[in-house]
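Peer 1: Just the structure for this:
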Amino acid sequence: MKPATKRDDSRTASRRRPGRRRWNSPLVVVCGGLLSLFVMMIGCLVAADVSYLLSKGTGWIHDLDSRVIDQVKFALRMSLATSLTTLVLIMLTAVPIGYALARFRFPGRSLVNTVVDAPIVLPPVVVGISLLAFFGYGAGKPLRMALDSLELSIGSAFGIVMSQYLVAVSYCIRSAKTAFQGVDPSLEQVARVMGCSEWRTFWRVSLPLAHHGIVAGGVMAWARAIGVFGPLMVVVGTGPRVLVMPTTMWLELSTGHMEVAVAIALIMLGLAGVALTVVHWLSPEGAAV
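Peer 2: Numbering: from 1, shown residues only. Here you go, the predicted model:
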């Protein structure tokens, strides 16, 4: 029998290695071309906003009424305050809900999943209309009166937080569910066998192993919440004390202040870019780069 040579070993290894990507193949050309086209399209939109402001120079800033500048500053503060409050509420509720969907088996589970995902696919303005219907009639009317007695009117910052929460919470629930599903159940079982309670197992095993996905879902939900527009126009309107960045952008655009609207749009693009960078950095692919 002829002994194996180094040349034979190298041929065998090359056959075992996955084939190299052929960059001139039709599939790569089509997929890569569409990806490049999409990236260019988004880049052109952002560049158009920047070039529009640059073409106007800085004179328009000095021409603005001080009231408009104060209004934009107030909207920025209100957006950050309400969206961060919404984020706290989302994290407090989405994590246990996501864990329940990932670990518990109960009748009607498919229906519950459908209800949880509904805000993702529904037009956001539907949330606003539903809130008005709920607080205007039936069981929601006494609740509205009770909230009014506590100075928590739905036409105030409370209504902003409620609208943001209902639109954005499903994103974090879905991410938390996926994160908990990625945790090996045998690790939780070992912790319980060693004497840990369900609560202790959740805090010491499940939550630490799933925290990357949970944090990514929270960041995504925050980015979605700060950009909510439709429900706010229905529920709270555009009063001077309830303005946030999306409603201020629309208000300035409707009054002819295109430069202010574009500037707010760039601020929101920057915030969204930071949020998405954090999400991708927390993902397994991003962590490996």
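Peer 1: before we move on, what SS does Gly155 have?
Peer 2: Secondary structure assignment for Gly155 (DSSP: H, G, I helix; E, B strand; the rest coil): coil.
Peer 1: Could I get the full set of helices for the stretch 101-250 of the chain?
Peer 2: With DSSP state H, counting those that start in this stretch, the ranges of helices along the stretch 101-250 of the chain come out as 109-121, 124-136, 140-149, 157-181, 185-193, 198-201, 207-226, 230-235, 245-254.
Peer 1: Can you spell out which helices and strands pack onto the fourth one?
Peer 2: Same thing as helix 157-181. helix 66-103, helix 109-121, helix 124-136, helix 207-226, helix 230-235 (3 or more Cβ pairs under 8 Å, 6 or more residues apart in numbering; DSSP states H and E). (C-beta placed from N, C-alpha, C; glycine too.)
Peer 1: and what of the first one?
Peer 2: Helix 109-121 is packed against helix 66-103, helix 157-181, with contacts defined by 3+ Cβ pairs under 8 Å, 6+ apart.
Peer 1: which outside residues touch that helix?
Peer 2: Helix 109-121 has contacts (Cβ atoms under 8 Å, 6 or more residues apart in numbering) with Ile97, Leu101, Phe106, Val127, Leu166, Val167, Ala168, Val169, Ser170, Tyr171, Ile173, Arg174.
Peer 1: let's see it at 7 Å
Peer 2: Here helix 109-121 makes contact (Cβ atoms under 7 Å, 6 or more residues apart in numbering) with Leu101, Val127, Leu166, Val167, Ser170, Tyr171, Ile173, Arg174.
Peer 1: how close does the last one sit to Leu243?
Peer 2: Using Cβ to Cβ, to the nearest Å, one gets 30 Å for the distance from Arg174 to Leu243.
Peer 1: Same question for the third one.
Peer 2: Distance of Leu166 to Leu243, computed by Cβ to Cβ: 20 Å.
Peer 1: The second one too?
Peer 2: Distance check for Val127 against Leu243: by Cβ to Cβ, it reads 19 Å.
Peer 1: Ok, the fifth one next?
Peer 2: Distance check for Ser170 against Leu243: by Cβ to Cβ, it reads 26 Å.
Peer 1: Flag every buried residue along stretch 119-137.
Peer 2: For stretch 119-137, the neighbour count (16 or more other Cβ atoms under 10 Å) marks Pro119, Pro124, Val126, Val127, Gly128, Ser130, Leu131, Leu132, Phe135 as buried.
Peer 1: With adjacent residues omitted, what lies nearest to the fourth one?
Peer 2: Yep, that's Val127 we're talking about. Closest residue to Val127 apart from its sequence neighbours, by Cβ to Cβ, 6 or more residues apart in numbering: Pro231 at 4.5 Å.
Peer 1: Quick one, grab the pLDDT at the one you found.
Peer 2: We have a pLDDT of 92 for Pro231.
Peer 1: That one: how many residues sit nearby?
Peer 2: 25 (other Cβ atoms under 10 Å).
Peer 1: shouldn't it be in contact with Gly128?
Peer 2: Yes: judged on Cβ atoms under 7 Å, Pro231 makes contact with Gly128 at a distance of 3.3 Å.
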